[in-house]
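> could you look at this predicted model? Sequence included:
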Amino acid sequence: MSDRRSALGPAFRDEPALVPYVVAGDPNQEATKEYVNALARGGADVIELGLPFSEPIADGPTIQNAIQRALSGGMTPERYLDLVAELDVDVPIVCMTYYNLIYQYGDSEGVEAFVAAAGDAGISGLIVPDLPVEESDPLREACDEHGLDLVFIVAPTTTDEREAKILAQASGFVYVQARMGTTGAQANVSSATHDSLGRLAETDLPKAVGFGVSEGDHAKEIVAGGADGVVVGSALVDIIASGENVAERLESKATELKSGALSGEEEVPQPE
Amino acid sequence: MSANGSDTENDAKFGEYGGQYVPEVLMPAIEELQSAYERYVLENEDDFMDEFRRHLRDFGGRPTPLQYADALSERYDRDIYLKREDLVHGGAHKLNNALGQVLLAKYMGKDRIVAETGAGQHGTATAMAATYLGIDCEVYMGRTDINRQRPNVFRMRTHDADVNPVDVGSGTLKEAINETMRDWATNVEDTHYVIGSVVGPHPFPRMVRDFQAVISEEAREQIQEQAGRLPDSVVACAGGGSNTMGAFHEFVGDEDVSLFAVEAGGSGLTIDEDEGLAPHSASLSTGENGVLHGARTKLLQSEDGQILESHSVSAGLDYSGVGPELAHLAETGRVTPVSVGDDAALEAFHRLSKLEGIIPALESSHAIAYLEAAEELGDLVVVNVSGRGDKDLDTVIEESEKRGIDAAPSMEVFE
């Protein structure tokens, strides 16, 4: 584990973690609060709350549409932070968003104002998918100063050299991108996932696998393959988009995913 | 390629602009491209640049003329030269970059090309270059642009390129770029993304500029030969900025040459934050610093940082961002950003057609329109005619009538 103070690390400590993702404000702010509670009841260990940006290049159509709904509903960075501050859950919240929103926040250019406000609102960490490690120094410094984790994504294409650079900057957990492309629910776990987990086996940061995870069985396979957690987004956003019994179905999906992850753990060979 | 001694190094940034803001999955490809750019373009490894120049000449039809424009010179009482990029094969400067990048993709061993297109000129040029050099090509294009640029859609498909419509948002260039980035992120191992302008993550802004710099290399030599001196000013339209940087690059070091980047002023330089709309595309003149499509640059955005939909009667200028090098040159005062509205551009379209026998692209019509501000341009002016206007005829017929543009020919007798 890195020596940075981490709010997220403990969420992965005792058992495999479930990290669900929903877009804040999809379809409105009150609904998001209700959904976050449902996910927490279903066993979420960390909740990723998307702050919608108009150009989500790392996301597939499911989440892109959710972002559109949230923006049409009037979601803004200010309202997002208010929403987080009003949440009443016992689960750390990670903000996933794109760099321009962080950079533009507040009256002065730069990233510090957002990180400070995010910390005040109770956010434990940030994931910024269009911010590679090369450009991340200012955000890394601001996060260190305000005690937030900065989570980085490791992709199937990531070279050993880049992986080392990323691990030197990352805190909280490493987000292992399960396959090429963008976010979106898939029927199977990609073989790229197992390769990535193999390469990261020696890493002491927790490893959470996302992009395409949608079923309890996926969670089981991923945890059995050596992951410390799973990130699930599009499968949950699909439930929200359907508009039917959303909170109830989110809770039961979370329960399914969490129990999949737990049963995966039993298959991990334990050291003597 | 010579760069005037201003920057031959492979920096990711122009001042504070530029950089590499892309998802991690793309970073190894960007690094691979960076290395290929250094080796083949900057160091001419395996005679890459020689082959590129041969294709520009034999397939592309370069050099293009620098034409003394008699009627315009008389009208504005100064010497006006037109750099005729409309005469490049395909009808626009876009082929310079497309040939360069498609060739580079082949040198890199990629077997598939993806590209985005707004007006369709870049898509057409890429499809052409891909056919010529024998590589598969897939193009993303916003639905709105498909509807207003049908001839170019047909041309791309004629060259066997797959054209994928993009329905999200306003269905223009911004959305097409997002979608192409997604394709690239999925297929990055065997696919090269031919970005159509001096935008995107490093090394694209530098590389595209280097491929387009042939415009100002030729123009600089030609004007000295034909007029006996350097021009007082160079005028080029600016959307993303590839013809702009191409026309300016070799003059950047000539401090006495004024450089005017003419943006699309649309129907006015205001914005409607509630609607998320800018009725113009003047990001260089009015935009704020931010990060979009891989680079820090000037953007049309809300106070919160959401990207606004832009507007121009010219699909090729309809983009919410601009190349980072132009942002830097404007910030440091080397380039003067100005803007011209839809109506003025339409008038200039008809004016050039009537006075000089050249039908300019609506993009180029913005540069031509700025000649109306002749006083500040000096006595010797080079204007880049970035492309020809055939692709825009449907739009021009419709918009000229709707807006009551005086110079437009009447089509009534045929109806």
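Noted; the coordinates are in hand. What you see is a predicted model; the values in this text were computed from it and never measured.

> what about stretch A:207-222, start to end distance?
By C-alpha to C-alpha, to the nearest Å, the extent of stretch A:207-222 from end to end equals 10 Å.

> actually stretch B:349-367, sorry about that
The first residue of stretch B:349-367 is 10 Å away from its last residue (C-alpha to C-alpha).

> phi, psi for the residue of the stretch 1-150 of chain A found nearest chain B please.
As assessed by C-beta to the nearest C-beta, chain B sits closest to residue A:104 within the stretch 1-150 of chain A, at 3.1 Å. The C-beta positions use only the backbone N, C-alpha and C, and glycine is treated the same way. With angles defined as degrees, to the nearest 10, residue A:104 sits at phi -90, psi -10.

> mind listing what it touches?
Counting by C-beta atoms under 8 Å, 6 or more residues apart in numbering or on different chains, residue A:104 makes contact with B:288, B:290, B:301, B:303-305.

> quick check, nearest of the residues you listed to residue B:71?
Nearest to residue B:71 out of these is residue B:288 (C-beta to C-beta; 40.3 Å).

> tell me the residues of the stretch 151-300 of chain B that contact chain A?
Contact residues, the stretch 151-300 of chain B versus chain A (C-beta under 8 Å from any C-beta of the partner chain): B:168-169, B:174, B:178, B:181-182, B:185-189, B:276, B:288-294, B:299.

> one more time with 7 Å
B:168, B:174, B:178, B:181-182, B:185-186, B:188, B:289-292 (C-beta under 7 Å from any C-beta of the partner chain).

> which residue ranges of the stretch 151-300 of chain B form strands?
Residue ranges of the strands in the stretch 151-300 of chain B, as given by DSSP state E, counting those that start in this stretch, are B:162-166, B:191-193, B:233-238, B:258-266, B:288-292, B:294-299.

> swap in the stretch 301-415 of chain B?
With strands called from DSSP E, counting those that start in this stretch, the stretch 301-415 of chain B shows them at B:335-341, B:380-385.

> chain A: which of those is closest?
strand B:335-341 (19.7 Å).

> need the buried ones from the contacts of residue A:104 selected in ChimeraX.
Provided next is the ChimeraX selection string for whichever of these are buried by 16 or more other C-beta atoms under 10 Å in any protein chain shown:
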select /B:290,301,304,305
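
> make TSV out of the contacts of residue A:104 and add pLDDT.
Shown next, in TSV, are the contacts of residue A:104 (pLDDT from 0 to 100):
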residue	pLDDT
B:288	95
B:290	96
B:301	96
B:303	93
B:304	94
B:305	96
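
> sort out which one of the contacts of residue A:104 lies nearest chain A for me.
Checking the contacts of residue A:104 against chain A by C-beta to the nearest C-beta gives residue B:305 as the nearest, at 3.1 Å.

> show the pLDDT at the nearest residue to the closest one once chain neighbours are set aside.
The shortest distance from residue B:305 to any non-neighbouring residue, by C-beta to C-beta, 6 or more residues apart in numbering or on different chains, is to residue A:104 (3.1 Å). Looking at residue A:104, its pLDDT reads 94.

> any figure for the gap between residue A:104 and residue B:173?
Residue A:104 sits 22 Å away from residue B:173, going by C-beta to C-beta, to the nearest Å.

> quick one: name the residues of the stretch 301-415 of chain B near chain A.
Residues of the stretch 301-415 of chain B lying near chain A (C-beta under 7 Å from any C-beta): B:304-307.

> which one of those residues is nearest residue B:199?
Among these, residue B:307 lies closest to residue B:199 (C-beta to C-beta), at 13.0 Å.

> quick check: the closest one touching residue B:301?
Yes - in this structure, residue B:307 is within contact of residue B:301 by C-beta atoms under 7 Å, at 5.4 Å.

> can you list the low-confidence ranges for chain B?
Applying pLDDT under 70 to chain B flags residues B:1-10, B:414-415.

> please repeat the previous calculation with a cut-off of 80.
In the predicted model of chain B, residues B:1-10, B:169, B:273-275, B:411-415 satisfy pLDDT under 80.
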